[in-house]
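Enquirer: Please work out how this folds:
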Amino acid sequence: MIPRIARWLPTAYLFALDVAASAAVVAVYLEFAALRSASVPLWLGYALAVLIGLPLAVRRKWPLAAFGVVLVAQSTATTLSITLEPFTPTAFALYMVAALLPRERATTALVCTLALSTATIFIGEAWPDNIGLAAFVVLLTSGAWALGRSTRVRREYAERTAAEQAARAVVDERMRIARELHDVVAHSLSLIAVKAGVANHVAAEQPEQAREALRVIETTGRSTLVEMRRLLGVLRADSPADLAPMPGLPDLPGLVQRASLAGVPVDLSVTGGELPEALGLTVFRIVQESVTNVVKHAAPARCSVAVDVGESAVRISVVDDGPGERVLTGGGGHGLIGMRERVAVYGGTFAAGPVGGGGFRVAAEVPFA
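Expert: This is a model prediction of the structure:
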């Protein structure tokens, strides 16, 4: 309700201004009619006053019709010498025609205004006063038309810019979804590949351990399908209510549990408060990619994950005790690049590399703003 009222208020304000201008024009022309009542019937003067002023109240809804009535009525009043006012109501209506209608119609309206106003001025005013008045009318109406056209050009430019920004946002969103799919598939397939290798290796001698590996594969495959459906649903969702929440800090224990099933025990520490959804997703994906690298290139190994939510930034640290060279030789591809890009979006810092005594460390600091 509140956004609807917010959209309605500017329109109501502009309509109120048009109504006020319409009332003022009617009042002025009623006075002109009273002053000329000796030579022009009073009823005719009053009728022309209403026809000149009243259409201005609806010039935004019916610009061409309002303009046509005002122009004809004011030209009639000028011909009858009811007033020699320089066609200000006509210019007021012409502005809206130029601002709202296509160039062809707007140009035709300008030509009709210049021709009819000049002709009626020469009929209703004596030489040489009609020259100066006609020149002033041409200047006033042409200026109003030019101002209306410039307003229309600015609006069209703003609309094109908004459309381009929307198109860029769609492309960025698709790229984000592609990165999410990469992270989901890479993490899950790494677990599945590790457990499949274990099952194949011990199937004959340790069938219980092989069955446990197969259960991990089944669970991981099902959860991956669910998350992939959720991500792909973003492309087809009609409203935000159709979208499931993206993973965040509360989902880290489940991620750690799946890594442990793949042979990488993980110590998880999360301190601090909550995070916005987008930032929580970024933290989750960084931890997911880091743990996936450990599963792919260092298992069996121990890993510690620390997430500290501070007052102005969140700090992520993932350290393992596996061979230090394994990420440099096998994991220096899109995983590290993707993590670095996620951190760079927020203007944060990212570092990854071997640690002394063996192992590998991923560290990131992501500011809130």
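
Enquirer: you'd agree residue 54 is up against residue 21?
Expert: No. Residue 54 lies out of contact with residue 21 (Cβ atoms under 8 Å); the separation is 11.0 Å. Quick note: C-beta positions are derived from backbone N, CA and C, even for glycine.

Enquirer: In stretch 356-369, which residues are buried?
Expert: 359-366 (16 or more other Cβ atoms under 10 Å).

Enquirer: and of those residues, the nearest to residue 108?
Expert: residue 366 (58.9 Å; Cβ to Cβ).

Enquirer: about what we covered before: of the buried residues of stretch 356-369, which belong to strands?
Expert: 360-366 (DSSP state E).

Enquirer: mind giving me JSON lines with these and columns for pLDDT and distance to residue 275?
Expert: Supplementary listing: those in JSON lines, determined by pLDDT from 0 to 100; distance: Cβ to Cβ, whole Å:
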{"residue": "360", "pLDDT": "87", "distance to residue 275": "25"}
{"residue": "361", "pLDDT": "89", "distance to residue 275": "22"}
{"residue": "362", "pLDDT": "91", "distance to residue 275": "18"}
{"residue": "363", "pLDDT": "92", "distance to residue 275": "18"}
{"residue": "364", "pLDDT": "92", "distance to residue 275": "13"}
{"residue": "365", "pLDDT": "92", "distance to residue 275": "13"}
{"residue": "366", "pLDDT": "89", "distance to residue 275": "9"}
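
Enquirer: For residue 152, list the residues it contacts.
Expert: Residue 152 makes contact with 98-100, according to Cβ atoms under 8 Å, 6 or more residues apart in numbering.

Enquirer: ok, of the residues you listed, which one's closest to residue 196?
Expert: Scanning the contacts of residue 152 for proximity to residue 196, where the rule is Cβ to Cβ, the winner is residue 100, at 66.6 Å.

Enquirer: Look up the pLDDT of the closest one for me, please.
Expert: The model reports residue 100 with a pLDDT of 89.

Enquirer: which residues does it contact?
Expert: By Cβ under 8 Å, 6+ apart, the neighbours of residue 100 are 60, 63, 148, 152.

Enquirer: Could you say which helix or strand holds the first one?
Expert: In this structure, residue 60 is located outside every helix and strand according to DSSP states H and E.

Enquirer: Doesn't residue 49 belong to a helix?
Expert: Yes. The assignment for residue 49 is a helix, going by DSSP: H, G, I helix; E, B strand; the rest coil.

Enquirer: quick one: contacts for it?
Expert: If you count contacts by Cβ under 8 Å, 6+ apart, then residue 49 has 26, 29-30, 32-33 around it.

Enquirer: if we go to 7 Å?
Expert: Going by Cβ atoms under 7 Å, 6 or more residues apart in numbering, residue 49 touches 26, 29-30, 33.

Enquirer: Please apply the same query to residue 307.
Expert: Counted by Cβ under 7 Å, 6+ apart, residue 307 has contacts 249, 270, 283, 314, 316.

Enquirer: before we move on, the earlier item: make a markdown table from the contacts of residue 100 and add secondary structure to it.
Expert: Formatted as a markdown table, the contacts of residue 100 follow (three-state DSSP):
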| residue | secondary structure |
| --- | --- |
| 60 | coil |
| 63 | helix |
| 148 | helix |
| 152 | helix |
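
Enquirer: surely residue 79 meets residue 119?
Expert: No. Using Cβ atoms under 7 Å, residue 79 is not in contact with residue 119; the gap is 8.7 Å.

Enquirer: on that earlier part again, if you look at the contacts of residue 49, which of them are in helices?
Expert: Counting by DSSP state H, the contacts of residue 49 place 26, 29-30, 33 in helices.

Enquirer: What does the pLDDT read for residue 334?
Expert: Looking at residue 334, its pLDDT reads 52.

Enquirer: All good on my end, thank you.
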